[in-house]
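> with the input below, show me the fold.
(2 chains)
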Amino acid sequence: QQQVKQSPQSLIVQKGGISIINCAYENTAFDYFPWYQQFPGKGPALLIAIRPDVSEKKEGRFTISFNKSAKQFSLHIMDSQPGDSATYFCAARRKVAGNMLTFGGGTRLMVKP
Amino acid sequence: DTGVSQDPRHKITKRGQNVTFRCDPISEHNRLYWYRQTLGQGPEFLTYFQNEAQLEKSRLLSDRFSAERPKGSFSTLEIQRTEQGDSAMYLCASTVGGANVLTFGAGSRLTVL
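All right, here's what the predicted structure looks like:
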């Protein structure tokens, strides 16, 4: 059962554009929502994360928007660059389950120069 | 390099053979996780350790899979009688208990012929 649903599966954006990736979750026990970035041949690396008591978090060009009532959150990449081309995973954590992360299916982002 | 190390990076084996993967976490991290990632999918939780104790196992971890962390430092994941469906990237991650950030290794890619 997929507890975190991610869309779109793939995304093509022009350089300088905004990339938007959406996730929805079902389990209200989740208490922390990170985004991971993964390049080919590498493990996922933490990009940015948010707690459900905050509606937005911004770090540089990356912003998470969080809607607790809708159980949805999204990643916005402003001024997208070719170096941002990677696969992005949203995730959700249940602290009572040993910090175990449940991942979305991933979004393959390609930023065209 | 003080990150999470995994060995081997790639393993090709024939169906029915046994394989073992090793993970060396960041030295002060007491929690260690194993995830499996198939092509085009997000990582799926397999199991985790706090020190040497294995605290949770996913239903994905069939009886052909066994994981150990004998001295609370490195961990091994063994797959017995491999099947083609075991072909995947096996990711290891570590953290300090209670911390939010999981640091992933680059993974061990298994191909079962």
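
> which regions of chain B sit below the pLDDT cut-off?
For chain B, applying pLDDT under 70 flags the ranges B:1, B:98.

> remind me which residues of chain A are low pLDDT?
Along chain A, the model assigns pLDDT under 70 to residues A:1-2, A:97.

> near chain B, which residues of it show up?
Residues of chain A lying close to chain B by Cβ under 8 Å from any Cβ of the partner chain are A:4, A:6, A:32, A:34, A:36, A:41-46, A:49, A:89, A:91, A:93, A:97-106. From N, CA and C alone the C-beta is placed, and that goes for glycine too.

> name only those of the residues you listed that count as buried.
For the residues of chain A next to chain B, a burial check counting by 16 or more other Cβ atoms under 10 Å in any protein chain shown picks out A:4, A:6, A:32, A:34, A:36, A:43-44, A:49, A:89, A:91, A:93, A:98-106.

> just the strands in chain A please.
Shown for chain A, the strands assigned by DSSP state E span residues A:4-7, A:10-14, A:19-25, A:33-38, A:45-50, A:56-59, A:62-67, A:72-77, A:86-94, A:100-103, A:107-112.

> residue 84: how many residues sit nearby?
This is for chain A. The criterion is other Cβ atoms under 10 Å in any protein chain shown. On that basis, residue A:84 has 18 neighbouring residues.

> wait, chain B
9.

> just give the nearest non-adjacent residue to it, would you?
Residue nearest to residue B:84 in three dimensions, not counting chain neighbours: residue B:112, with 5.0 Å by Cβ to Cβ, 6 or more residues apart in numbering or on different chains.

> of all the strands of chain A, which one is nearest residue B:46?
Between residue B:46 and the strands of chain A, the shortest gap by Cβ to Cβ is with strand A:100-103, which sits at 10.2 Å.
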